[in-house]
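> Generate a structure from the sequence data that follows.
(chains A and B)
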Amino acid sequence: MESILQNISAITPQHVIMWLIGGILIYLAIKKDMEPTLLLPIGFGAILVNIPFSGAVGEEGALTALYNAGIANELFPLILFIGIGAMIDFGPLLSNPKLMIFGAAAQFGIFFTLCTASMFFDINDAASIAIIGAADGPTSIVVAQMLNSKYMGAIMVAAYSYMALVPIIQPPVIKLLTTKKERLIKMDYKPSNVSKTTRILFPIVITVIAGLVAPASVSLIGFLMFGNLIRECGVLDSLSQTAQNVLANLVTILLGITIASQMQAESFLKFDTLLILGLGLVAFIFDTAGGVIFAKILNLFLKKKMNPMIGAAGISAFPMSGRVVHKMGLKEDPQNFLLMHSIGVNVSGQIASVIAGGLILNFFL
Amino acid sequence: MTFNPMNFIINLKYMGEGMLGILVVIAIIALCTVLLNKIFSKKTENK
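Presented below is the predicted three-dimensional model:
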């Protein structure tokens, strides 16, 4: 009885706030369907680790053990990349490779946020915060971990929350930067038949190029492309299905709840966390703006204009961003189908965000 | 945590190098993709 009273009396207002945050994340996951596979385990984990004297964390805690086994050595996010790679169809991109350039332009938010965050944080933490703009959870984890950031929990929560908020964040930015006339531009889609050999060689070629540019981070792009090679080779259908479903789901469960081990009240409830959430939003806004403005600049030189909205799909949040642009096109004109273009750009954003992560690691590792 | 606005200017070089780096790498990948499409087109595979 005495120990129960001791445990109850150890509850602090900070613990209660963290339970509320955990509850909000669970609510958003269940009621609003916002990234439920991650926000639900993160939310539950936030409650779990903020119970006074929680045995889930600490030297012999299960979550600490999982953290050391799967996140401290970047294993979980990299394994998850195999599943993500197996899910991606690079077809729309391969049939129209010039779309790739938008994926690069839409990484502007990362580098802008790096400069902005460096006004408040040391450069390694600023770089880790900036990579929230990659809109790519596994890349954010790997970069923050390799750069030894002490803000892992806040970075993860920001990265995954904003990915879920893409349909809310992107449309106002796109509307602000484009005219109605520009949003009405129609784009022809002429799919060229991509050969199987090209589909098989593509992940291998990308791995070699990205590896030569940023060898320290070759595992990031390598695991993503390995997953895609399993998908495209045509002889490992069963493995491809396993990677896309069972493997990805299993790792996601463990990843979410393990990330929560970094959400203990004493390290999470700080002004820094609010600032990181704000900087994450800056990164997403400037990514979107970078893609749209780049498309508008390109249009100055093109005879056949592109719809600048597709530039916004160059962030890695797949397929949300591609769908957002497609829906905005349909809203302006029900006959304006941008889906194949926006999905092509969105897929290129996946590649570009991983390369951006590699470049950041090259700069600061 | 300290507020140092000069760091924004100092770190602009990373923005320049980063954006240039990513544009160059993506351009190389796009070029390789075009070449792959040309060399291994469906017609070539059917022959």
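
> Could you list the buried residues of stretch A:178-188?
Residues A:Thr178, A:Glu182, A:Arg183, A:Ile185, A:Met187 are the ones in stretch A:178-188 that count as buried (16 or more other C-beta atoms under 10 Å in any protein chain shown). Backbone N, C-alpha and C define where each C-beta goes, glycine included.

> In CSV, please show the C-alpha coordinates belonging to it.
Presented in CSV, the C-alpha positions along stretch A:178-188 are these (Å, rounded to 0.1, in the frame of the first residue of the first chain):
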residue,chain,number,x,y,z
THR,A,178,0.1,30.3,-58.1
THR,A,179,-2.5,32.1,-60.1
LYS,A,180,-5.8,30.4,-61.1
LYS,A,181,-4.6,30.5,-64.7
GLU,A,182,-1.5,28.5,-63.7
ARG,A,183,-3.5,26.0,-61.7
LEU,A,184,-5.7,25.4,-64.7
ILE,A,185,-2.8,24.4,-67.0
LYS,A,186,-3.4,20.9,-68.3
MET,A,187,-0.5,18.5,-68.9
ASP,A,188,-0.6,15.6,-71.4
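
> residues in contact with it?
Residues from elsewhere that reach stretch A:178-188, judged by C-beta atoms under 8 Å, 6 or more residues apart in numbering or on different chains: A:174-175, A:292, A:296, A:299, A:305-310, A:328-329, A:332-333, A:335-336, A:338, A:341.

> Just the buried residues of these.
Neighbour counting by 16+ other C-beta under 10 Å classes A:174, A:292, A:296, A:299, A:305-310, A:328-329, A:332, A:336, A:338, A:341 among those as buried.

> Measure how buried A:Gly61 is and give me the count.
Applying other C-beta atoms under 10 Å in any protein chain shown, we find 16 residues neighbouring A:Gly61.

> Okay, and residue 7 sits in which element?
Because you didn't say which chain, this covers chain A. A:Asn7 belongs to helix A:2-9 when assigned by DSSP states H and E.

> Sorry, I should have been clearer: chain B.
helix B:6-10.

> avg pLDDT for that helix?
For helix B:6-10, mean pLDDT is 94.

> does chain A sit close to that helix?
Yes: counting by C-beta under 8 Å from any C-beta of the partner chain, chain A has neighbours in helix B:6-10: B:Asn7, B:Phe8, B:Ile10.

> Name the residues of that helix that are buried.
If you call a residue buried by 16+ other C-beta under 10 Å, then helix B:6-10 has these buried ones: B:Asn7, B:Phe8.

> which helices and strands sit right next to it?
Judged by 3 or more C-beta pairs under 8 Å, 6 or more residues apart in numbering or on different chains; DSSP states H and E, the packing partners of helix B:6-10 are helix A:108-117.

> residues from the stretch 151-300 of chain A in reach of chain B?
For the stretch 151-300 of chain A, the residues in contact with chain B (C-beta under 8 Å from any C-beta) are A:192-198, A:201-202, A:205-206, A:209-210, A:213, A:271-272, A:275.

> Just the buried ones among those residues, please.
Among these, the ones that count as buried by 16+ other C-beta under 10 Å are A:194-195, A:197-198, A:201-202, A:205-206, A:209-210, A:213, A:272, A:275.

> Report the contact partners of the closest residue to A:Met87 other than its chain neighbours.
Distances taken as C-beta to C-beta, 6 or more residues apart in numbering or on different chains place A:Gln244 nearest to A:Met87, at 5.0 Å, with adjacent residues excluded. By C-beta under 8 Å, 6+ apart, the contact set of A:Gln244 is A:Gly83, A:Ala86, A:Met87, A:Arg231.

> so is A:Gln244 in a helix, a strand, or just coil?
Put simply, A:Gln244 is helix when judged by DSSP: H, G, I helix; E, B strand; the rest coil.

> okay, it: pLDDT?
If you check A:Gln244, the pLDDT there is 93.

> For it, give its distance to A:Val251.
12 Å (C-beta to C-beta, to the nearest Å).

> so what sits against both of the two?
Counting by C-beta under 8 Å, 6+ apart, the shared contacts of A:Gln244 and A:Val251 are A:Gly83.

> mind checking the backbone torsions on A:Gln107?
phi -90, psi 0 (degrees, to the nearest 10).

> right, and it touches A:Gly133 too?
Yes: using C-beta atoms under 8 Å, A:Gln107 is in contact with A:Gly133, at 7.3 Å.

> Mutual contacts of these two, please.
What both A:Gln107 and A:Gly133 touch, as defined by C-beta under 8 Å, 6+ apart, is the set A:Asp287.
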